[in-house]
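1. Here is my input, please return the structure:
(one chain, ligands or ions: 1)
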Amino acid sequence: MKKLYGVIGSPIQHSMSPLIHNDAFLQLGIDAHYHAFHVLPKDLEAAVVGLKALGVAGFNVTIPHKKAIIPLLDEVDNTALKIGAVNTVVNENGKWTGYNTDGPGYVAALKQITATENKHILIIGAGGAARAILYSLVKEPGAKVDIFNRTPEKAQHLIEEFSLQGTSRAVTMAEVVGNMPNYDVIVQTTSVGMHPHIEDSPVQIATLKKNAIVSDIIYNPLETDLLKQAKLKGAITQNGVQMFVYQAALAFQYWTNRVPDVHRMEKIVTERLGGTTC
Ligand code: ATR
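-> Residues are numbered from 1 along each chain as shown. The predicted structure is shown next:
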């Protein structure tokens, strides 16, 4: 019988997940369908119960449910618990088990463009996305991570919560500017620069080192002002499409034990967003 997967969130109508998962099912000859379900916060609990009753095999979780779903699941893996957010749920013998593929997906995407050992990294932002990325990034050998956030206490709180006082620091804007020539990797996790405020940029990168990596998890626009400036400085840049498709590919593997064609996913998403890939 055809297996059913999906994503729950609100809003959900612009989700590109159905596009890439349904294509991957087709490519791999898997008899399954992936559907976007609009679920309001007040209906989350009923949706989780209902999806199980309907025999749904697994689903993704997006804004605003990634945290709220945790107590509604039968089991949650340790990484997702530490991150405090679930984006992937698997029906394991009738039990809903929650995982987080955002952090691991980001690191997998970053590894496509650079080796990750012994990097001095600046994370911009201290919200949910930064949290998932930080948790996974600091597992890379020799990673030294600074965090800059508009609200500095949140960055400090994150460092303390993950017990990273030895290697990580919450930095001020002045420190970001001063340290800029030392950063190997800059990861932009806030909504600054997102459509429609596309001329905004969260930090000045005038003294960015050549060949630095600048990664922005935004994909609308495909190239934020930060990435444009970074390119002009000779940096290697990456937009949010790769993180998006790698988190999707990891979710797909949890559900099917099959590895989808990530480059094909990337091409589909980029073209949908009006860009081109080679
Ligand atoms: P997400 O889950 O996408 O990370 P979030 O948890 O709401 O969303 O976090 C948003 C992040 O973007 C935060 O780091 C936030 O900074 P604050 O902690 O100071 O709120 C940052 N952010 C959002 N809008 C911003 C803006 N206009 N300028 C600077 N930072 C901004």
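2. ok, and what's touching the strand or helix carrying residue 109?
-> Using DSSP states H and E, residue 109 sits in helix 102-110. Applying Cβ atoms under 8 Å, 6 or more residues apart in numbering, the contact partners of helix 102-110 are 79, 83, 85, 87, 116, 129, 132-137, 139-140, 185, 187, 213, 215, 217, 238, 242-250. C-beta: built from backbone N, CA, C; applies to glycine.
3. Alpha carbons of the helix or strand hosting residue 129, as CSV, please.
-> Element membership of residue 129, judged by DSSP H and E, is helix 128-137. Provided in CSV are the C-alpha atoms of helix 128-137 (Å, rounded to 0.1, in the frame of the first residue of the first chain):
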residue,chain,number,x,y,z
GLY,A,128,16.1,28.4,16.9
ALA,A,129,18.1,28.0,13.7
ALA,A,130,21.3,29.2,15.4
ARG,A,131,20.8,26.7,18.2
ALA,A,132,20.5,23.7,15.9
ILE,A,133,23.5,24.8,13.8
LEU,A,134,25.7,25.6,16.9
TYR,A,135,24.9,22.2,18.5
SER,A,136,26.1,20.3,15.4
LEU,A,137,29.0,22.6,14.5
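4. for residue 53, what are its contacts?
-> Residue 53 touches nothing, counting by Cβ under 8 Å, 6+ apart.
5. Can you tell me how far it is from the ligand?
-> 30 Å (Cβ to the nearest ligand atom, to the nearest Å).
6. following the helix holding residue 109, which helix or strand shows up next?
-> Next along from helix 102-110, by DSSP H and E: strand 120-124.
7. does the ligand sit close to that following strand?
-> No. Strand 120-124 is not in contact with the ligand by Cβ under 6 Å from any ligand atom; minimum separation 7.8 Å.
8. What does the pLDDT read for residue 277?
-> Listed pLDDT for residue 277 reads 76.
9. re earlier: average pLDDT across the helix holding residue 129?
-> Averaged across helix 128-137, the pLDDT comes to 97.
10. Which helix or strand lies directly C-terminal to it?
-> strand 144-148.
11. Neighbouring strands - and their directions - for that next one?
-> strand 120-124 (parallel), strand 169-170 (parallel) (DSSP bridges).
12. Please name the residues that touch whatever residue of the chain ends up closest to the ligand.
-> Closest residue of the chain to the ligand, Cβ to the nearest ligand atom: residue 127 (1.8 Å). Counting by Cβ under 8 Å, 6+ apart, residue 127 makes contact with 154, 189, 190.
13. Go through those and name the one nearest residue 23.
-> Nearest to residue 23 among the contacts of residue 127, counting by Cβ to Cβ, is residue 189 at 27.4 Å.
14. isn't that closest one right next to residue 124, touching?
-> Yes. Between residue 189 and residue 124 there is a contact under Cβ atoms under 8 Å: 6.2 Å.
15. overlap in contacts of these two?
-> residue 130.
16. From the neighbour counts alone, determine which of these two ranks first.
-> Neighbours per residue, other Cβ atoms under 10 Å: of residue 189 and residue 124, the larger number sits with residue 189, 27 against 24.
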